[in-house]
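>>> structure of the sequence below:
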Amino acid sequence: MSPGKQDNQRDTDIQMQRLYQKPGKFEERIDQLEGQVTVVTKWLERIEHRLERMEDVRIDVLQAIAKLETELKLREEKATKEKDIIMQLLDNDNRDKENLTQIIEGDKSRRQERFLQIWAVLGPVLASVLTSFFARFFM
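Next up, the predicted model:
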């Protein structure tokens, strides 16, 4: 073989090796990408699972919030009713105190009237008794 043919043969061999190496490199690269796709798929499955759990938790949280709102409204209504009852009891207590005060004042005025009536009768009698006693004693 002549040197030109040898060079051509070497170039051809080198090109053939490159051609055989390129599919091998592509196969390696495809294997790497398939591995990465597997990893990414697993991550996506995990993310989907987490999203499903978050949806379940979200539903539970919304139900709990609704329950708490209902309970809060019931307690508020109960507190309002209790407040009304307490206010009514206070009003009744104040009215009873006023009635008791009027009764006591009426009783005091009756006692004063009775005291004055007794003194109106006893005063002149006592005065005449004392006058006659002193008149006998000093005379």
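
>>> where's residue 73, which helix or strand?
Following DSSP states H and E, one finds residue 73 within helix 3-138.

>>> from the chain's centre, how far out does that helix sit?
Offset of helix 3-138 from its chain centre (C-alpha atoms, centre = their mean, to the nearest Å): 1 Å.

>>> so where's this structure uncertain?
Low-confidence regions of the chain, defined by pLDDT under 70, span residues 1-4, 19-24, 139.

>>> one more time with 90
1-33, 35, 97, 100-139 (pLDDT under 90).

>>> which residues are in contact with stretch 116-129?
With contacts defined as C-beta atoms under 8 Å, 6 or more residues apart in numbering, stretch 116-129 is touched by no residue outside it. Where C-beta positions appear, they are placed from N, C-alpha and C, glycine not excepted.

>>> renumber starting at 35 from here on
I'll keep to 35 as the first residue from here, and by that count the last item is stretch 150-163.

>>> what comes up buried for it?
Under the neighbour-count criterion of 16 or more other C-beta atoms under 10 Å, stretch 150-163 has nothing buried.

>>> CA atoms of that stretch as PDB?
Extracted as PDB, the C-alpha positions of stretch 150-163 are listed here (Å, rounded to 0.1, in the frame of the first residue of the first chain):
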ATOM      1  CA  LEU A 150     -95.600  62.400 118.100                       C
ATOM      2  CA  GLN A 151     -99.100  61.100 118.800                       C
ATOM      3  CA  ILE A 152     -97.900  59.600 122.100                       C
ATOM      4  CA  TRP A 153     -96.100  62.800 123.100                       C
ATOM      5  CA  ALA A 154     -99.100  64.800 122.100                       C
ATOM      6  CA  VAL A 155    -101.200  62.900 124.600                       C
ATOM      7  CA  LEU A 156     -98.500  62.200 127.200                       C
ATOM      8  CA  GLY A 157     -96.900  65.600 127.000                       C
ATOM      9  CA  PRO A 158     -99.700  67.600 128.600                       C
ATOM     10  CA  VAL A 159    -100.400  64.800 131.100                       C
ATOM     11  CA  LEU A 160     -96.700  64.600 132.100                       C
ATOM     12  CA  ALA A 161     -96.600  68.400 132.300                       C
ATOM     13  CA  SER A 162     -99.600  68.500 134.600                       C
ATOM     14  CA  VAL A 163     -98.200  65.700 136.800                       C
END
